[in-house]
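Enquirer: What follows is a predicted structure for the sequence shown.
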Amino acid sequence: KAPAGMNVTTRPATLADSDSLLAWRNDPGTRANSVSPDPVEPEVHAVWFARVLHDPNRVLVIGEDSDGTPIGMVRFDLTAGHAEVSINLAPAARGKSLSTPLLRAAEHWITGRAEVLVAAIKATNQPSIRAFERAGYRPLAGDSADLLRFEKRL
């Protein structure tokens, strides 16, 4: 549930979101919790972003607060009834309990396209683990010590 007075809505990402997503991705906090911690070059991001926007097996949405300010993104990579979920909050939105409402708000974009959602989270990323658990994800058995996997059935 979003904090009092804070409604989280989602919309499809557009080309206009590219610079924000690159800045969020290259933020030191994001990189510290990312499976791929190296910074992303603008040219590499531009190619990736254009590909994602046109890929029918990827859904990329932007979360916004009640004022329409972008607060983060959720990406679903779809494969045969499953979707791998990635989330990244804007640095200014962190620490405000917005991850769980953002995850929940984003799910309607894949309704009917995936039965199972899976997230891979670094074991040291406790805020993300808590957010996914609050959103209804459950740990999967057999995870490595460094990377935990969580699942949610829709």
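Expert: That came through fine.

Enquirer: what's the next secondary structure element after the longest strand seen in the chain?
Expert: As assigned by DSSP state E, the longest strand anywhere in the chain is strand 70-79. Remark: after strand 70-79, the chain's next helix or strand is strand 82-89, criterion DSSP states H and E.

Enquirer: returning to what we had before: name every strand pairing with the longest strand of the chain and say which way it goes.
Expert: strand 58-64 (antiparallel), strand 82-89 (antiparallel) (DSSP bridges).

Enquirer: Adding mean pLDDT, write those out as TSV.
Expert: Output for the strands paired with strand 70-79, formatted as TSV (pLDDT from 0 to 100):
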stretch	mean pLDDT
strand 58-64	97
strand 82-89	96
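
Enquirer: what helix or strand does residue 51 sit in?
Expert: helix 42-53.

Enquirer: in that helix, what counts as buried?
Expert: By neighbour count on 16 or more other C-beta atoms under 10 Å, the buried set for helix 42-53 is 45, 49, 52. Bear in mind the C-beta positions are built from the backbone N, C-alpha and C, glycine included.

Enquirer: Can you pull out the low-pLDDT segments for the chain?
Expert: 1-6, 142-143 (pLDDT under 70).

Enquirer: Do a quick rundown of the helices in this structure.
Expert: With DSSP state H, the ranges of helices along the chain come out as 18-26, 28-33, 42-53, 99-106, 126-134.

Enquirer: looking at the ones you listed, which is closest to residue 145?
Expert: helix 126-134 (13.8 Å; C-beta to C-beta).
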